[in-house]
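> Build me a model:
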Amino acid sequence: MKNLWIVAAFAAAGFTSCQKSDVTAGNGSDTVNNSAANIIFKFKFDSAQARLNNVGQPVSVSSDHAAQSPIINSMSAHYIELTPNALTALGKGAILYKADETSAGGESAIDFDKAAKAGDGQVFYTAPIKNIRIGTYEWIRVSLAYQNATAYFHVDTTIKGIPIKQNVQGTLAGFIGYNTYIKNFKIKDSTLAVNANKKQGFWGFETVISALGYTVGGTTTGQSAGTTTVVNPIFATSPIPAGSCVVTAAFAPGKLTITGKETKDIIVELSFSTNNSFEWQEVIKDGMWEPSKGENLVDMGIRGMIPTIK
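Residues are numbered from 1 along each chain as shown. Predicted structure coming up:
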């Protein structure tokens with residue numbers, strides 16, 4: 001998918017570097033921020049959280065599709081921005097984090113080799129509060145880049161004349177960032193070489209099937225046949241370009257206020273909805289993912305985010 005959103009956003013915000021950065025930005029007061037504390041972002045993955053569509057409304061799985069709630073092993077983000085209100089344009093808030101990029105694959109892309117990752121309950125990023133302009137922030141934007149997850153698919157085959165029908169566990173590595181340069185990536189036990197840019201929706205899958213004393217394993221790669229869901233409840237006043245994965249949500253409870261006098265760390269738990277977030281086109285209407293029957297993945301998008309201030 002063509003996408004130059006990140007270039008435009010950073011140009012508007014006055015950025016020229018492609019390195020991780022703590023940036024003072026926002027619409028708060030110019031009073032000096034002397035805080036000695038940090039803001040800490042932790043990841044959480046919740047399959048019971050509401051399943052939302054692109055504009056933040058609850059949505060069920062369409063009748064011609066099926067889906068499952070994967071177990072997320074790790075996730076990576078490309079960008080974190082605090083925004084004062086629903087009118088704040090992308091790149092005009094307080095940009096706290098921007099991952100490394102590279103042009104090694106041609107177009108500018110996320111550098112997967114340098115991407116930070118975190119699992120459930122783990123800290124993804126910590127930034128000094130003193131680097132955030134004093135003020136009040138109602139919304140947060142998190143651009144997701146990659147997820148590694150445990151998922152299930154159905155095997156319907158024959159071994160030595162004996163039919164085998166069973167659900168099998170596998171590991172899926174999904175790239176949901178706007179564009180990612182990948183030298184190689186490890187799915188579970190196997191590492192695949194790519195040495196190229198890959199657009200949003202590229203994935204790799206690894207599994208081992210054991211039946212009747214036989215063990216068959218392997219890896220496969222593919223490209224999602226659909227568009228990745230990116231939840232943005234304020235799309236009408238602060239849109240996100242197509243092809244990006246900038247998930248937007250309001251803080252809870254209330255807004256995030258930076259006074260510049262904080263003495264204790266602020267912990268923000270970013271709870272991501274994995275509620276039926278792996279979705280495929282059904283060929284056989286049985287609710288099971290059967291890639292061998294042509295049931296291609298159409299969506300790997302996170303289905304919402306709840307940022308809770310601890």
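> thinking residue 135 is in contact with residue 258, fair?
Yes. In this structure, residue 135 is within contact of residue 258 by C-beta atoms under 8 Å, at 6.1 Å. Yep, even glycine has a C-beta here, placed from its N, CA and C like the rest.
> Quick one: residues contacting residue 281.
Residue 281 makes contact with 64-65, 225-226, 295-296, 298 under the criterion C-beta atoms under 8 Å, 6 or more residues apart in numbering.
> for residue 56, same thing?
Going by C-beta under 8 Å, 6+ apart, residue 56 touches 231-233, 235, 304.
> which of the contacts of residue 281 count as buried?
When the contacts of residue 281 are checked for burial by 16 or more other C-beta atoms under 10 Å, the buried set is 65, 226, 295, 298.
> quick one: the third one from residue 310, how far?
Meaning residue 295. From residue 295 over to residue 310 the distance is 40 Å, taken as C-beta to C-beta, to the nearest Å.
> And the strands in the stretch 101-250 of the chain?
For the stretch 101-250 of the chain, applying DSSP state E, counting those that start in this stretch gives strands covering 101-102, 109-111, 123-128, 135-137, 139-159, 162-175, 179-186, 191-199, 202-211, 214-223, 246-250.
> following the last one, which helix or strand comes up?
The reference is to strand 246-250. Following strand 246-250 in sequence order, the next helix or strand is strand 256-258 (DSSP states H and E).
> Tell me which strands the following helix or strand past that next one pairs with, and in which orientation.
Sequence-wise, the next helix or strand beyond strand 256-258 is strand 266-273, with elements assigned using DSSP H and E. The strands beside strand 266-273 in its sheet (DSSP bridges) come out as strand 38-46 (parallel), strand 305-309 (antiparallel).
> Report the central residue of the chain.
The chain has residue 144 as the residue nearest its centroid, 3.0 Å off, counting by C-alpha atoms, centre = their mean.
> Report whether the expected contact of that residue with residue 77 is present.
Yes. With contact defined as C-beta under 8 Å, residue 144 reaches residue 77; the gap is 5.5 Å.
> chain center to stretch 116-127, what's the gap?
The chain centroid and the centroid of stretch 116-127 are separated by 13 Å under C-alpha atoms, centre = their mean, to the nearest Å.
> hey, C-alpha coordinates of that stretch in PDB?
Presented in PDB, the C-alpha positions along stretch 116-127 are these (Å, rounded to 0.1, in the frame of the first residue of the first chain):
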ATOM      1  CA  ALA A 116      11.700  -2.700  20.300                       C
ATOM      2  CA  LYS A 117       9.200  -5.300  21.300                       C
ATOM      3  CA  ALA A 118       7.300  -6.100  24.500                       C
ATOM      4  CA  GLY A 119       4.900  -8.900  25.700                       C
ATOM      5  CA  ASP A 120       1.900  -8.800  27.800                       C
ATOM      6  CA  GLY A 121       2.400  -6.800  31.000                       C
ATOM      7  CA  GLN A 122       5.900  -5.700  29.900                       C
ATOM      8  CA  VAL A 123       7.300  -2.200  29.600                       C
ATOM      9  CA  PHE A 124       7.600  -1.100  26.000                       C
ATOM     10  CA  TYR A 125       9.000   2.400  26.400                       C
ATOM     11  CA  THR A 126      10.000   4.900  29.100                       C
ATOM     12  CA  ALA A 127      10.500   8.700  28.600                       C
END
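> in it, what's buried?
116-118, 120, 124-125, 127.
> Report the mean confidence score over that stretch.
If you average the pLDDT over stretch 116-127, you get 97.
> Contacts for that stretch next, please.
Defining contact as C-beta under 8 Å, 6+ apart, one finds that stretch 116-127 is touched by 22, 38-45, 72-77, 80, 96-97, 99, 146, 148, 270.
> try 7 Å
Outside stretch 116-127, the residues that touch it by C-beta atoms under 7 Å, 6 or more residues apart in numbering are 22, 38-45, 72-77, 80, 96-97, 99.
> do stretch 229-247 as well
1-3, 5, 52-56, 79, 86-90, 139, 141-144, 176-178, 200, 228, 248, 299, 301-305.
> picking up where we left off before, the strands of the stretch 101-250 of the chain: which one's closest to residue 288?
Between residue 288 and these, the shortest gap by C-beta to C-beta is with strand 139-159, which sits at 3.9 Å.
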